[in-house]
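1. structure for this input, please:
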Amino acid sequence: MEQQGKTITESRVTLSMLMGTQDTNNLGNVHGGVIMKMVDEAGVLTALRHARAPVVTVTIDSMTFVEPVLVGNLVMFNAELTYVGRTSMEVRVEVIAEDPLRGISRITNTAYLVYVALDLNSRPTVVPPLLYTTDAERLAGERAKARQEYRKQQREKEKDRP
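-> Numbers count the residues shown, from 1 in each chain. Got it, this is the predicted structure:
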């Protein structure tokens, strides 16, 4: 039975969190692990909304911390699908830190994560296709497909290593 496709907007998620002292190091910068955890949570929710099934994280592509996130920043984690395979989904998460007192925002991180949807027996299950509605979404999808092909090639190389 063919599943009906879903658009990117149908599963888009934004998580927001005010960073407190419990999230920071002695310099007042938020720990990278705190940011990574929230990135994964936003990604999981996006994939879950698309698949309407439990999902697990397969990979997180490299994440570069371009700017620090500071105590007192309001941090937004904007997550959206970029590519869907048969059972897997790539999600792009953009991290934006805002100084709420001055109203200044800046992008601090971008990450791409891959999730696999699971059935009731914890086996990979088919997910709905992704419907692109704009040229920008189609371009992002082409780039995501190229990243997915690269990941597959890397997995094959890993299998060949002694």
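
2. CA only for contacts and neighbour counts going forward, please
-> Noted.

3. burial of Glu80, as a residue count?
-> 25 (other Cα atoms under 10 Å).

4. from Gly20, how far out is it?
-> Taking Cα to Cα, to the nearest Å as the criterion, Glu80 is separated from Gly20 by 26 Å.

5. Val44 touches Ile60, doesn't it?
-> No. Taking contacts as Cα atoms under 8 Å, Val44 lies outside contact range of Ile60: 11.6 Å.

6. who has more neighbours, those two?
-> Per other Cα under 10 Å, whichever of Val44 and Ile60 has more neighbours is Val44, with 23 against 16.

7. quick check on that one: phi, psi?
-> As for Val44, its main-chain torsions (degrees, to the nearest 10) stand at phi -60, psi -50.

8. how far away is the closest residue to it other than its chain neighbours from Arg123?
-> Ranked by Cα to Cα, 6 or more residues apart in numbering and with sequence neighbours excluded, the top spatial neighbour of Val44 is Val55, at 6.8 Å. For Val55, the distance to Arg123 (Cα to Cα) stands at 10 Å.

9. try Val56
-> Val56 sits 11 Å away from Arg123, going by Cα to Cα.

10. so these two - more neighbours on which side?
-> Shown here are Val56 and Arg123; by other Cα under 10 Å, Val56 has more neighbours (16 against 10).

11. beta partners of the more buried one?
-> For Val56, the beta-bridge partners are Val116 (DSSP bridges).
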